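**Student:** Sharing a model prediction with you, sequence too.
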Amino acid sequence: MKKAAVVGGTGYAALELIRILENHPFLELTTVISQSEEGNDIAERYPHLHTIRTDSFKNMEAAAACDVIFLAAPAGVASKLIPALSASKSQIIDLSGDLRLEDSETYEKWYGLEPPDKAMQQQAVYGLPEVNRESIRGAKLLSNPGCFATAAILGMYPAVKQQLIEPGTIMMDGKTGVSGAGRKMSMMTHFSETNENIKAYRTGAHQHVPEIEEHLGKAAGIKTPVYLQTHLMPMTRGIMVTSYGRLACSATELQDAYKTAYEHEPFTRYRISGPMPQTKDVYGSSYCDIGVFADERSGTLMTVAVIDNLMKGAAGQAVQNCNIMNDWPEHSGLQMVPQYP
Ligand SMILES: NC(=O)C1=CN([C@@H]2O[C@H](COP(=O)(O)OP(=O)(O)OC[C@H]3O[C@@H](n4cnc5c(N)ncnc54)[C@H](OP(=O)(O)O)[C@@H]3O)[C@@H](O)[C@H]2O)C=CC1
Ligand SMILES: CC(=O)N[C@@H](CCC(=O)OP(=O)(O)O)C(=O)O
């Protein structure tokens, strides 16, 4: 067994990591780190972990003794923790947006934060297995993708890679549950603001746009601008990204592209018939379900991609990446069936 630490222990992504790692065959979660709850009992703070965790929250120094460190801290905080850990032999998996983008200026513009050290940014391997599995193997510092970015990229990747849509015609409509905003209180997410309400937010300014453009652009081999509008939905978990583009092929060619890309993927499931995916199809699991529709009448490609933001969008994908980094079966610890209804 390798020893694992989770940093940002009181947050939602960390709690999801704890849930997964309790059943991981090759990783033992020895250390849960919290700056706000250091020394306090984990189960007292989170009674759903009663009898499951009998230890207390630790401080950052305890992380260095672990083989794998999952950073589930906010952007701007996570990358500042890495230099002190770099001397250890630990593998580091960062769930924040700090190391996802190749270019510092782009990070500064979209995240509104001071960019992390350039060398660190270049050392980090972006971890979206369906797109760059080979470069994840053996990575020491891994940057976990954004939740909207995961659904957005996976939904359009086969079509973009095979150049089956006209460049520059992609529009995306993203919807998320409130747990995407984390556990902290905010005016945006409190009950009476979200219940029985849908709101569009961060118009023209969502931080996942450059991440989506970077990876779809690499797949296409040309600059691939996208428009993404995100919406907050009155639900706890789940992301749906509906993407549209102008079709440049037949429906059959399109279906073949999705089959080629995903038929052997352990967590990405595609459909070319039947009902479009819904967020409940993946709730509590690490699947990404994608529905593909080619409307030859209007020349439109439409895909619907759904994930659980805390699983394939965060903790599940982080563990999938960790499994690849360590050459373990990719589904280790992640074989939960989606919870339905
Ligand atoms: N929620 C989601 O769906 C997704 C989240 N992510 C990313 O994962 C990371 C964790 O997200 P999530 O768990 O949702 O966020 P939360 O706000 O729920 O938790 C973040 C935790 O980070 C710790 N922390 C450390 N330093 C600070 C600081 N200076 N200010 C505030 N908190 C701090 C806190 O834990 P403590 O006090 O215990 O140390 C806090 O609980 C973020 O980078 C987020 O962007 C990525 C994809 C999806
Ligand atoms: C509802 C809500 O606010 N969701 C977040 C989800 C993004 C996320 O968690 O990813 P990062 O790691 O890039 O922050 C958002 O739209 O920014």
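**Tutor:** Thanks, I have the structure now. Ligands and ions are numbered 1, 2, ... in the order given.

**Student:** From here on, just use CA atoms for contacts and neighbour counts.
**Tutor:** Will do.

**Student:** can you pull the pLDDT of the residue of the chain positioned farthest from its centre?
**Tutor:** Largest separation from the mean C-alpha position in the chain: R297, at 34.4 Å (C-alpha atoms, centre = their mean). Looking at R297, its pLDDT stands at 94.

**Student:** The chain: helices as residue ranges?
**Tutor:** 12-21, 42-45, 78-85, 104-111, 118-123, 129-136, 147-161, 191-194, 209-220, 251-262, 316-325 (DSSP state H).

**Student:** Next, format those helices as a markdown table and append mean neighbour count.
**Tutor:** Listed next are the helices of the chain as a markdown table, based on neighbours: other C-alpha atoms under 10 Å:
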| stretch | mean neighbour count |
| --- | --- |
| helix 12-21 | 22 |
| helix 42-45 | 17 |
| helix 78-85 | 16 |
| helix 104-111 | 16 |
| helix 118-123 | 14 |
| helix 129-136 | 16 |
| helix 147-161 | 26 |
| helix 191-194 | 14 |
| helix 209-220 | 21 |
| helix 251-262 | 17 |
| helix 316-325 | 25 |
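
**Student:** And those helices: which comes nearest ligand 2?
**Tutor:** Smallest distance to ligand 2 across those (C-alpha to the nearest ligand atom): 5.5 Å, for helix 147-161.

**Student:** now the angle from the closest one to helix 129-136?
**Tutor:** Calculated by axes from the mean of the first three to the mean of the last three C-alpha atoms, to 10 degrees, helix 147-161 forms an angle of 90 degrees with helix 129-136.

**Student:** If L301 is in a bridge, with which residues?
**Tutor:** According to DSSP bridges, the partner residues bridging L301 are G245, A294.

**Student:** Hmm, it is touching G245, no?
**Tutor:** Yes. Distance between L301 and G245: 5.2 Å, which falls inside the contact criterion (C-alpha atoms under 8 Å).

**Student:** so what sits against both of these two?
**Tutor:** When C-alpha atoms under 8 Å, 6 or more residues apart in numbering defines a contact, the residues bordering L301 and G245 alike are I165.

**Student:** Within range of ligand 1, give me the residues from the stretch 201-341 of the chain.
**Tutor:** 309-310, 313-314 (C-alpha under 6 Å from any ligand atom).

**Student:** Show me which of those residues is closest to A63.
**Tutor:** Using C-alpha to C-alpha, A314 comes nearest to A63 of those, at 19.9 Å.

**Student:** what sits against the closest one?
**Tutor:** 13, 95, 144-147 are the contacts of A314 under C-alpha under 8 Å, 6+ apart.

**Student:** Which residues of the stretch 1-150 of the chain lie near ligand 1?
**Tutor:** 8-14, 34-37, 72-75, 77, 95-96, 146-147.

**Student:** For PyMOL, write the selection for the buried entries among those.
**Tutor:** Of these, the buried ones go into a single PyMOL selection, burial set by 16 or more other C-alpha atoms under 10 Å:
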select buried, resi 8+9+10+11+12+13+14+34+37+72+73+74+75+95+96+146+147
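
**Student:** among the residues of the stretch 1-150 of the chain next to ligand 1, which are in reach of ligand 2?
**Tutor:** For ligand 2, the contacts drawn from these by C-alpha under 6 Å from any ligand atom are 96, 146-147.

**Student:** Within range of ligand 2, give me the residues from the stretch 1-150 of the chain.
**Tutor:** So the stretch 1-150 of the chain meets ligand 2 at 96-97, 146-147 (C-alpha under 6 Å from any ligand atom).

**Student:** mind giving me CSV with those and columns for pLDDT?
**Tutor:** What follows is these, written out as CSV (pLDDT from 0 to 100):
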residue, pLDDT
S96, 98
G97, 98
G146, 98
C147, 98
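
**Student:** Nearest to A220 among those residues?
**Tutor:** G146 (20.1 Å).

**Student:** contacting residues around the closest one?
**Tutor:** G146 sits next to 95-97, 208, 313-314 when contact means C-alpha under 8 Å, 6+ apart.

**Student:** same question, E114
**Tutor:** Contacts of E114 by C-alpha under 8 Å, 6+ apart are 76, 108.

**Student:** Check the spacing between it and P275 real quick.
**Tutor:** 44 Å (C-alpha to C-alpha, to the nearest Å).

**Student:** Pick the one among the contacts of A314 closest to ligand 1.
**Tutor:** For the contacts of A314, the nearest to ligand 1 is A13 (3.7 Å; C-alpha to the nearest ligand atom).

**Student:** Touching, that closest one and D308? I think so.
**Tutor:** No. Here A13 lies out of contact with D308, judged by C-alpha under 8 Å, at a distance of 11.5 Å.

**Student:** Give me the pLDDT value at L15.
**Tutor:** Note for L15: predicted pLDDT of 98.

**Student:** Next up, the contacts around it.
**Tutor:** Contacts of L15 (C-alpha under 8 Å, 6+ apart): G9.

**Student:** tell me the domain boundaries of this protein?
**Tutor:** Domain assignment for the chain by automatic domain parsing gives 2-123, 148-309.

**Student:** can you put those in a markdown table and add distance to G333?
**Tutor:** Listed next are the domains of the chain as a markdown table, based on distance: least, C-alpha to C-alpha, whole Å:
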| stretch | distance to G333 |
| --- | --- |
| domain 2-123 | 4 |
| domain 148-309 | 10 |
